[in-house]
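Chemist: turn this into a structure:
(chains A and B)
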Amino acid sequence: MDTEQDKRQYEADARPVLEAPDIARVLTRIAHEIVERAKGADDVVLLGIPTRGVFLARRLAVKLEEITGRTIPVGSLDITMYRDDLRMHPPRALARTDIPGDGLDGRLVVLVDDVLFSGRTIRAALDALNDIGRPRAVQLAVLVDRGHRELPIRADYVGKNLPTSLRETVKVQLAEEDGRDTVLLGAKRTSPGGE
Amino acid sequence: MQRHLISAADLTRDDAVLILDTAEEMARVADRPIKKLPTLRGRTVVNLFFEDSTRTRISFEAAEKRLSADVINFTAKGSSVSKGESLKDTAQTLEAMGVDAVVIRHGASGAPYRLATSGWIDAAVINAGDGTHQHPTQALLDAFTMRRRLVGRDAGIGQDLSGKRITIVGDVLHSRVARSNVDLLHTLGAEVTLVAPPTLVPVGVESWPCEISYDLDSTLSKSDAVMMLRVQRERMNAAFFPTEREYSRRYGLDGDRMAKMPEHAIVMHPGPMVRGMEITAEVADSGRCTVVEQVANGVSIRMAVLYLLLGGNEPAVTHTRPPVSHHHPSNERSAHTISADEEK
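Modeler: Next up, the predicted model:
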């Protein structure tokens, strides 16, 4: 896919819209919003969507634990096999699905992803959840909402609303995977990508 | 780019590890209350079985159904094949029905290769055992079982079997399982030793990437896994050993022999087991014997292979290696020379 050179060129051209302190602040705010809406987050389970959604979910869990003093179950939900565009690309390597031990039945599941775009990933996630258990409710937390929805889906918790054009890409980089925390807004290259 | 799985020798190390890693995720589906994924919805897979094999067929069928594919089972018995229809005609019938993949089991070595390369059919071809040649998904499920037991379930992700010592014992001559395992285990970095009576060692075995021994007792203490093969009496056309008792005494695995193996070592068997012949009931029922696990792992491996070959618009398995010819012994019909007429 991306060569190292392409990657460096993209990063040189792209404009950072969130830096590390912004990302930390935004996650703290989302954590507080979750506690407020869930009235204490007693039954909350965080499920990150690989790759970067999982890191965000783990960070949110730490913040929720600081606020509530309780351990918040975190898992990951790979949606690859539920995608509606599987046949348009070569099959991808599967990522890990890890459901916390107590399961999802009757819990408030908060899905966590980095960028909300067409909404198709979230649709696939809802299908995947259907096969795994029956949560009391499902909510969605995203770091960036860049618009351009193709399905009637919206996020409950948004780190930053980022109006974009379809000629732009949004790339989230997180320390766990990319060595630094930043959200980049760049121009789209010939190959589709970015989210 | 090829999109078939004909031989374990076609797989690169990275392909094989990708299949094992994918199978690890597929295995998690089996732990769920709803053991189903929508991944192959709308795709049609035919299980084309010219030879009886309930075990392999239901394993493929379970894998296909868990991925939501439409499944058609075709057995030669009672079909037009028994009236004399050739493999070519059968293939063209399936092509006309718009089949996306064919899982084929055939008594003739090379039949799946022929089906995949002749241009008769556009579908992906998966070899489910051909003659004494190859059974790649069996080798993959064996490697998967070894990686889980010897490296670890989660620790094994991304890993191969480097440095593991595997001993394969018994009727190597008639065994596509042995052939496939030697190829794949070598690719995955394991050291393989074949142990068999001299009469059951194939011609040309010197060129295989493995050691040969005629003495089981001396290899046991340095084995991480011992794989017992079934003595395939149905394929034997001559006396290959004096008596069954003699065979059991020299090449059968009993409790005393198992005690010589290292503590962590496992006993494997591709099934069906002939208790008392190659393996005693005591060994077969012990906690070190992985036969039942191998069956469960077979479904996960077959789900992984189907997903990687059919899940997208092009296969994820690369097949960059040239075909390896070392596993065609001279007494076997070559995959390249088999003709359509021969395969009724």
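Chemist: contacting residues for B:R257?
Modeler: Counting by CB atoms under 8 Å, 6 or more residues apart in numbering or on different chains, B:R257 touches B:216-217, B:220. Just so you know, the C-beta spots here come from the backbone N, C-alpha and C atoms, and that holds for glycine as well.
Chemist: specify which member of these is nearest to chain A.
Modeler: For these, the residue nearest chain A by CB to the nearest CB is B:L220; the value is 37.0 Å.
Chemist: so who does that closest one touch?
Modeler: With CB under 8 Å, 6+ apart, B:L220 has these contacts: B:167, B:226, B:257, B:260-261.
Chemist: relative to B:M146, how far out is it?
Modeler: 16 Å (CB to CB, to the nearest Å).
Chemist: and if you look at B:G131?
Modeler: Taking CB to CB, one finds B:G131 at 25 Å from B:M146.
Chemist: these two: which has the busier surroundings?
Modeler: Between B:G131 and B:M146, B:M146 has the larger neighbour count (other CB atoms under 10 Å in any protein chain shown), namely 27 against 21.
Chemist: please, where are all the strands along the stretch 51-200 of chain B?
Modeler: Taking DSSP state E, counting those that start in this stretch, the strands of the stretch 51-200 of chain B run over residues B:70-75, B:101-106, B:124-130, B:165-169, B:191-195.
Chemist: swap that for the stretch 201-344 of chain B, sorry
Modeler: Using DSSP E, counting those that start in this stretch, strands in the stretch 201-344 of chain B cover B:211-213, B:225-228, B:266-268.
Chemist: and B:A96, how many neighbours does it have?
Modeler: The burial count for B:A96: 9, using other CB under 10 Å.
Chemist: any idea how far it lies from A:R87?
Modeler: Between B:A96 and A:R87 the distance is 22 Å, computed by CB to CB.
Chemist: what's the answer for B:V299, then?
Modeler: Noted for B:V299: a distance of 23 Å to A:R87, by CB to CB.
Chemist: which of the two has more residues huddled nearby?
Modeler: B:V299 (25 against 15).
Chemist: wait, isn't that one in contact with B:E61?
Modeler: No - proximity of B:V299 to B:E61 does not meet the contact threshold set by CB atoms under 8 Å, at 9.4 Å.
Chemist: extract the C-alpha trace of stretch A:113-124 and format it as PDB.
Modeler: Output in PDB follows, covering the C-alpha atoms of stretch A:113-124 (Å, rounded to 0.1, in the frame of the first residue of the first chain):
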ATOM      1  CA  ASP A 113     -13.600   4.600  16.600                       C
ATOM      2  CA  ASP A 114     -11.200   7.200  15.400                       C
ATOM      3  CA  VAL A 115     -13.000   8.800  12.400                       C
ATOM      4  CA  LEU A 116     -16.700   8.700  11.500                       C
ATOM      5  CA  PHE A 117     -17.100   9.100   7.800                       C
ATOM      6  CA  SER A 118     -19.700   7.100   5.600                       C
ATOM      7  CA  GLY A 119     -21.100   5.300   8.600                       C
ATOM      8  CA  ARG A 120     -20.600   1.900   6.900                       C
ATOM      9  CA  THR A 121     -18.100   0.700   9.500                       C
ATOM     10  CA  ILE A 122     -20.600   1.400  12.300                       C
ATOM     11  CA  ARG A 123     -23.300  -0.400  10.400                       C
ATOM     12  CA  ALA A 124     -21.000  -3.400  10.200                       C
END
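Chemist: mind checking how far that stretch is from the chain centre?
Modeler: Taking CA atoms, centre = their mean, to the nearest Å, one finds stretch A:113-124 lying 8 Å from the centre of the chain it belongs to.
Chemist: can you list contacts of that stretch?
Modeler: Residues outside stretch A:113-124 that contact it (CB under 8 Å, 6+ apart): A:48-49, A:52-53, A:56, A:79, A:82-85, A:111, A:140-153, A:155, A:158, A:170, A:172, A:174, A:194-195.
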